[in-house]
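Trainee: give me a 3D structure for the following:
(one chain, ligands or ions: 1)
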Amino acid sequence: MFCPSCGEELPEGTKFCKNCGKEISNIQTSNAVQTQGAENDHKIAIIAGYILAILIPLIGLIIGIYLYTRKDSENAQKHAKYIILVAAIVWFISFMLMMN
Ligand SMILES: [Zn+2]
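Mentor: Predicted structure coming up:
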């Protein structure tokens, strides 16, 4: 983590910046709230991704790739991998059925 005031690198969990003396704990809390907000924003895309991966694999795949590029949310990236996998499997099964 870095001091939001002066940019000094600080060990995780530091309460006061050792360089400029600014209190860190309040800023950390507001960042956590922001992160939570981002997680919520991706929920709809994650659910839509799963549904579309099954119904329309190509669109599911696109949403999966979109979620995978969301560097702000580990949760979105984790689900993106599953969505891409589901889309690929459904695509493969559809392809096999068409062959028969
Ligand atoms: Zn500082």
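Trainee: spell out which parts of the chain neighbour the ion.
Mentor: 3, 5-6, 8, 17, 19-20, 22 (CB under 5 Å from the ion). Quick note: C-beta positions are derived from backbone N, CA and C, even for glycine.
Trainee: so where is the chain shaky, pLDDT-wise?
Mentor: 25-41 (pLDDT under 70).
Trainee: try 90
Mentor: 1-5, 7-8, 10-18, 21-45, 53, 57, 70-75, 94-95, 98-100 (pLDDT under 90).
Trainee: where exactly do the helices run in it?
Mentor: 25-55, 57-68, 74-99 (DSSP state H).
Trainee: can you name the residues that contact the residue nearest to L61 when sequence neighbours are not counted?
Mentor: For L61, ignoring the flanking residues on the chain, the nearest one in space by CB to CB, 6 or more residues apart in numbering is A87 at 4.2 Å. Applying CB atoms under 8 Å, 6 or more residues apart in numbering to A87 gives the contacts 52-53, 57-58, 60-61, 64.
Trainee: of those residues, closest to the ion?
Mentor: G64 (39.5 Å; CB to the ion).
Trainee: burial measure for that closest one, as a count.
Mentor: Burial of G64 is recorded as 26 neighbouring residues (other CB atoms under 10 Å).
Trainee: circling back to that earlier point, ok, so what distance separates the residue nearest to L61 from the ion?
Mentor: From A87 across to the ion, the span is 45 Å (CB to the ion, to the nearest Å).
Trainee: same check on F92?
Mentor: For F92, the distance to the ion - CB to the ion - is 53 Å.
Trainee: could you do L85 as well?
Mentor: From L85 to the ion the distance is 43 Å (CB to the ion).
Trainee: with H79 instead?
Mentor: Counting by CB to the ion - H79 and the ion are separated by 36 Å.
Trainee: try I65
Mentor: Taken as CB to the ion, the span from I65 to the ion is 38 Å.
Trainee: for that residue, what are its contacts?
Mentor: 80, 84.
Trainee: likewise for N19?
Mentor: 3, 6, 8.
Trainee: between these, which is nearest M98?
Mentor: Taking CB to CB as the measure, M98 lies nearest C3 of the contacts of N19, at 58.4 Å.
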